[in-house]
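Enquirer: Generate a structure from the sequence data that follows.
(one chain, ligands or ions: 2)
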Amino acid sequence: MGRYLITGGAGFIGSNFIHYLFEKHSDVQVLNLDKLTYAGNLENLTDIEKNPNYKFVKGDICNEPLVEELMQDVDYVVNFAAESHVDRSIGSPDDFIKTDVYGTFVLLEKARKYGIKKFIQISTDEVYGSIEKGSFVETDPLMPSSPYSASKSGADRLAYSYFVTYNLPVIITRCSNNYGPYQYPEKLIPLFVTNAIEDKKLPIYGDGKNVRDWIYVMDHCDAIDFVMQQGVDGEIYNIGGNNERNNLEITELILKGLGKSKELMTYVKDRPGHDRRYSLDCTKLNQMGWLPKYLFSDAMKLTIEWYKNNLEWWKKIKSGEYLDYYKKHYGL
Ligand code: NAD
Ligand code: TDX
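Expert: Numbers count the residues shown, from 1 in each chain. Ligands and ions are numbered 1, 2, ... in the order given. Below you'll find the predicted structure:
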């Protein structure tokens, strides 16, 4: 029986990971600690909320007494909680520093105090910064270029320091861009899919030729579970989809998948400090026996279908503060 503390479990990847855990393992207990920021949504977990092995606690990972109380009853920590959107970090970095860096510190301190068996720090490929040619390996230096990726780098290295200094069994994962169900419609794929369904414009930053490596969220969840079982303490694991595409390719695929006109494509002012290309070398994880299972074309179809079939989920989100934000920034 494994007792998990999942932080940020009401967000996109965290909620998919909770679904994954209950589907894959019959003997898990999950405690989900989430502050329910704009990105946290308990509707992502309605099918699980009555499961006797699941408990939700609304709270902040920066809240020391609360984290102390919760940490006493768990074996494993998977830290997803973060402010996660690059554009928001450019407008107001404060919460990124608080949650991503200080919040991770609070979790690490309490994990150390209560002898946690494994602490998985969910980092990101963005910590390496941009690369024109070739791919980053785990030992490459970090060159984060946004307040988001800089705060994630701080958390990533802080987690490592708890392994080196205190022997806390920490593992760090650095994954590429995820897509799939329950992703907040501010990120590229859910924003463009939902805008296209509503015949709204798709705001492409700059020339649209920035490259990302795209991985289906369930493959990311599977890789996290894999490194929890087979990873070595103190190690970093790149997790990628082996699937690099530029933003124009993604946009055209979405429009084609939905049978919508290319006239919806709208070029807007570039994101400040916009990283040109992310690319991961995942040889380390692949040689241990883990490979992504989903084909991009199949998983994109599944994703587009999910947003078509769950209009209520995202329309509710988009009718609120989301619209004000995009109106203010892009006049769309
Ligand atoms: P998300 O924004 O959808 O979810 C973040 C969740 O954390 C939300 O439920 C939010 O309420 C919660 N949260 C925020 N601040 C909190 C706090 N102080 N205390 C407790 N809960 C808090 O993000 P996501 O896309 O699911 O990303 C999850 C993690 O994975 C993040 O750490 C992110 O950096 C990392 N990551 C994301 C991607 C991606 O493509 N989305 C890729 C690599 C790594
Ligand atoms: O409206 C848009 N138009 C646009 O052209 C948006 C929202 C994005 N883009 C571009 C910017 C990027 O080149 O699409 C690309 C992807 O953008 P995001 O979805 O914002 O993701 P990115 O900035 O690459 O960061 C993501 O991947 C790594 C996640 O948001 C992070 O949490 C994760 O760590």
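Enquirer: Number of residues surrounding Cys284?
Expert: Small correction: residue 284 is Lys, not Cys. The tally of other residues near Lys284 (other CB atoms under 10 Å) stands at 16. Every C-beta, even on glycine, is put in place using the N, C-alpha and C of the backbone.
Enquirer: What lies in contact with the strand or helix carrying it?
Expert: Under the criterion of DSSP states H and E, Lys284 resides in helix 283-287. For helix 283-287, contacts defined as CB atoms under 8 Å, 6 or more residues apart in numbering pick out 137-138, 223, 226-227, 237-239.
Enquirer: Can you name the residues of the stretch 101-250 of the chain that neighbour ligand 1?
Expert: Residues of the stretch 101-250 of the chain found near ligand 1 (CB under 6 Å from any ligand atom) are 103, 122, 124, 152, 175, 177-178, 184.
Enquirer: what's the residue in the stretch 1-150 of the chain that ligand 1 sits nearest to sitting at in phi/psi?
Expert: Across the stretch 1-150 of the chain, no residue is closer to ligand 1 than Gly11, which sits at 2.0 Å (CB to the nearest ligand atom). Per-residue torsions, Gly11: phi -90, psi -170 (degrees, to the nearest 10).
Enquirer: Can you tell me who Tyr76 pairs with across the strands?
Expert: Counting by DSSP bridges, Tyr76 is bridged to Tyr4, Lys118.
Enquirer: I'd assumed Phe17 was in contact with it.
Expert: No: the pair Tyr76 / Phe17 is not scored as a contact, 11.7 Å apart, by CB atoms under 8 Å.
Enquirer: neighbour count winner among those two?
Expert: For the pair Tyr76 and Phe17, the greater number of neighbours falls to Phe17 (28 against 19), based on other CB under 10 Å.
Enquirer: does the spatially closest residue to the more buried one that is not a sequence neighbour count as helix, strand or coil?
Expert: Using CB to CB, 6 or more residues apart in numbering and skipping the chain neighbours, the partner closest in space to Phe17 is Cys221 (4.7 Å). Three-state call for Cys221 (DSSP: H, G, I helix; E, B strand; the rest coil): helix.
Enquirer: Could you count how many residues lie near Cys221?
Expert: Applying other CB under 10 Å, we find 23 residues neighbouring Cys221.
Enquirer: so where is the chain shaky, pLDDT-wise?
Expert: Applying pLDDT under 70 to the chain picks out residues 321-332.
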